[in-house]
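Peer 1: need a 3D model of the sequence below.
(2 chains, ligands or ions: 2)
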Amino acid sequence: MAPALCANCKTSRALIIRPKNHQKLCKECFIAVFEAEIHHTIITTSLFSPGDKIAIGASGGKDSTVLASVLKTLNERHNYGLELVLLSIDEGIKGYRDDSLETVKRNAVQYDMPLKIVGYDELYGWTMDQVVEVIGKKGNCTYCGVFRRQALDRGAKMLGIKHVVTGHNADDVAETILMNLLRGDLPRLARSTSIVTGDATSDVRRSKPLKYAYEKEIVLYAHHKKLDYFTTECLYSPEAFRGSARSLIKNLERVRPSAILDVVRSGEDMAKLVPEEVTGISQCKSQKVSLSSADGEDEGAGGCGSANGRSSGGEMAAMEKKLQQDETASSREIDMSNPIASGQNHDRLIKKTGPIKPVRIESSKKLVGQTLGTCKTCGYMSSQEICKACTLLEGLNKNRPKMEIEIDVEEEESSTLRRRMEGVALAAG
Amino acid sequence: MSSENTIPILVEFTGGLEMLFGDERKHKLSIPSKDEQGNAVNIGWLVKYLCDKVMKDSRKEMFVLDGHVRPGILVLINDADWELEGEASYALLPNDNILFVSTLHGG
Ligand SMILES: [Zn+2]
Ligand SMILES: [Zn+2]
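Peer 2: Ligands and ions are numbered 1, 2, ... in the order given. Predicted structure coming up:
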């Protein structure tokens, strides 16, 4: 078989066949086209303004490494005028982040970007290893994911940065759209299609510039540009429902590669049909932005969440049931009659909020509106009175071994924040 | 055995797949040039061979599902997408570099 020539330059040998349109490209043309499409996404959505300081949520994995590399390239090529910073989260899983944080440190040198690493222990008073000691390995990716999203916000806030970009790709977005479709959760489905979450009233906006980029092309870009990235399995059990949705996406891609972007576009079209009062998305703004996804299920969880691809399907019903149980349980865990610590945090919680509502929207039969608000405990953007992270923390703190119960979450956080604010200089490597 | 009966190839695993193969990224292999039926060995044959003879992990389904390379794993033949080379039917040549990359692991 004679080697196919590149459809673009018609001189070099084609090495890549693009999933979205079957176009055959050589290495150089593929890299150029991939970058041009990200640039197009950034320009058409007015994602950035000159002078913006942007934190790149960096895990050392393929998606965030490609995002950092492409943003650096485009920032220089098109004079975006952005100040780019790498922001990494250390979940406190022994051994899990050691190598990936080393990768991020190398990336900081390779891309000449400052790096800031924030730990769950500093932010929440809990490492993931400690969480697992209390709740076991099942379902802990939920904690990990919920904590991580806020961790990026909080880390960015510490640095005085108002915009965090993440490496979520088209496969991630399609997967989330499918999950929300299968759950009948239209508000989340609508929000998950938006390229930006958070608006002018929120402290930190989040966006996904790789939203239209195939995971396959991200991996190929990293390969052909010889980018330094790290892969590991999440040590803890994956969330089976997301894993099933992922398997479905990958199976669809094999028989019909355009399916992934088709799902993304369908999701966007469906989002337009969902009324604003239901989604919390403001359509009247020049740039379409949506309510925070800080409540934790809107997006794949990066490192942990993306490691779920191996479940072979068939667990969806069981997982859905378990999700509901988990959420009922997490609301039940907050025992209002028996406050576990005497800190003002808990007193205030009891006086002002009363019984905590289940995290999940109760009815799947009718659409329930969600309004933009802030968590009454921590002040971060949330569609619930108490954000998911605080709800999970309440449950955790109640189960903390007696010796450690003294720690007041809010005190701990704010003093940690202060310490970090004082002590932190951006480490360059 | 003369070298005419075997061909040297380089097989690489990245993106997390190396964990299934003794944490080794690169495997220099010397494989038979013909299969049991006397046909030139192809990628389909190689995948089965890797599963049966090289893989250290018992979780075969993380590499092969229903007799095919698991969806989400990219196969590059001398840096070209295997879709450009006839996929599983590509007949292996001496010194071919076959790369398996998982897209399924952490972002
Ligand atoms: Zn070309
Ligand atoms: Zn909160």
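Peer 1: every contact and neighbour count from this point should use C-alpha atoms.
Peer 2: OK.
Peer 1: next secondary structure element downstream of the lengthiest strand in chain A?
Peer 2: When chain A is parsed with DSSP state E, its longest strand is strand A:83-90. The helix or strand immediately downstream of strand A:83-90 is helix A:96-110, counting by DSSP states H and E.
Peer 1: that following helix: which residues count as buried?
Peer 2: For helix A:96-110, a neighbour-count test (16 or more other Cα atoms under 10 Å in any protein chain shown) marks A:97, A:100, A:101, A:103, A:104, A:105, A:106, A:107, A:108 as buried.
Peer 1: what's the answer for stretch A:44-63, then?
Peer 2: Neighbour-count burial for stretch A:44-63, counted by 16+ other Cα under 10 Å, picks out A:47, A:53, A:54, A:55, A:56, A:57, A:58, A:59, A:60, A:61, A:62, A:63.
Peer 1: so which of the residues you listed belong to strands?
Peer 2: Judged by DSSP E, strands contain the following of these: A:53, A:54, A:55, A:56, A:57.
Peer 1: give me the neighbour count for the closest residue to residue B:73 other than its chain neighbours.
Peer 2: Closest residue in space to residue B:73, ignoring its immediate chain neighbours: residue B:102 at 4.4 Å, by Cα to Cα, 6 or more residues apart in numbering or on different chains. Residue B:102: 24 surrounding residues under other Cα atoms under 10 Å in any protein chain shown.
Peer 1: ok so, going back, got the contact list for the longest strand of chain A?
Peer 2: The contact list for strand A:83-90 (Cα atoms under 8 Å, 6 or more residues apart in numbering or on different chains) reads A:51-59, A:68, A:72, A:97, A:101, A:104, A:108, A:113-120, A:148, A:151-152, A:155-156.
Peer 1: what of stretch A:105-120?
Peer 2: Here stretch A:105-120 has contacts from A:60, A:65, A:68-69, A:72, A:84-92, A:104, A:126-128, A:147, A:151, A:155, A:228, A:426-429, using Cα under 8 Å, 6+ apart.
Peer 1: among these, name the buried ones.
Peer 2: A:60, A:65, A:68-69, A:72, A:84-92, A:104, A:126-128, A:147, A:151, A:155, A:228, A:429.
Peer 1: now the helices for the stretch 51-200 of chain A?
Peer 2: A:62-77, A:96-110, A:120-124, A:128-135, A:140-158, A:170-183, A:186-192 (DSSP state H, counting those that start in this stretch).
Peer 1: and the second one with helix A:62-77, angle?
Peer 2: When you say that, I think you mean helix A:96-110. 10 degrees (axes from the mean of the first three to the mean of the last three Cα atoms, to 10 degrees).
Peer 1: same check, this time on the fourth one
Peer 2: In terms of direction (the same axes, to 10 degrees), helix A:128-135 departs from helix A:62-77 by 150 degrees.
Peer 1: please identify which helix or strand holds residue B:99.
Peer 2: Going by DSSP H and E, residue B:99 is in strand B:97-102.
Peer 1: for residue A:217, give me its contacts.
Peer 2: Contacts of residue A:217 (Cα under 8 Å, 6+ apart): A:18, A:34.
Peer 1: next, give phi and psi for it.
Peer 2: Main-chain torsions, residue A:217, degrees, to the nearest 10: phi -70, psi -30.
Peer 1: quick check: it vs residue A:185, distance?
Peer 2: Look at residue A:217 and residue A:185: by Cα to Cα, to the nearest Å, they are 29 Å apart.
Peer 1: strands along the chain, start to end?
Peer 2: Picking chain A for this. Ranges of strands in chain A, per DSSP E, are A:16-17, A:24-25, A:53-57, A:83-90, A:115-119, A:163-165, A:196-197, A:205-207, A:289-290, A:373-374, A:381-382.
Peer 1: hmm, no, I was thinking of chain B.
Peer 2: Going by DSSP E, chain B shows strands at B:6-14, B:26-32, B:64-65, B:68-69, B:73-77, B:80-81, B:97-102.
Peer 1: sheet partners, orientation included, of the fifth one?
Peer 2: Within its sheet, and counting by DSSP bridges, strand B:73-77 is paired with strand B:80-81 (antiparallel), strand B:97-102 (antiparallel).
Peer 1: can you give the contact residues for the shortest one?
Peer 2: I take that to be strand B:80-81. A:14, A:15, A:16, A:17, B:74, B:75.
Peer 1: rewinding a little: out of the strands paired with strand B:73-77, nearest to residue A:245?
Peer 2: Closest of those to residue A:245 is strand B:97-102, at 17.1 Å (criterion: Cα to Cα).
Peer 1: thinking again about what came up before, by neighbours, which of the contacts of strand B:80-81 wins?
Peer 2: residue A:15 (28 neighbours).
Peer 1: look up the closest residue to it, ignoring the ones flanking it.
Peer 2: Per Cα to Cα, 6+ apart, closest to residue A:15 is residue B:80, 4.1 Å.
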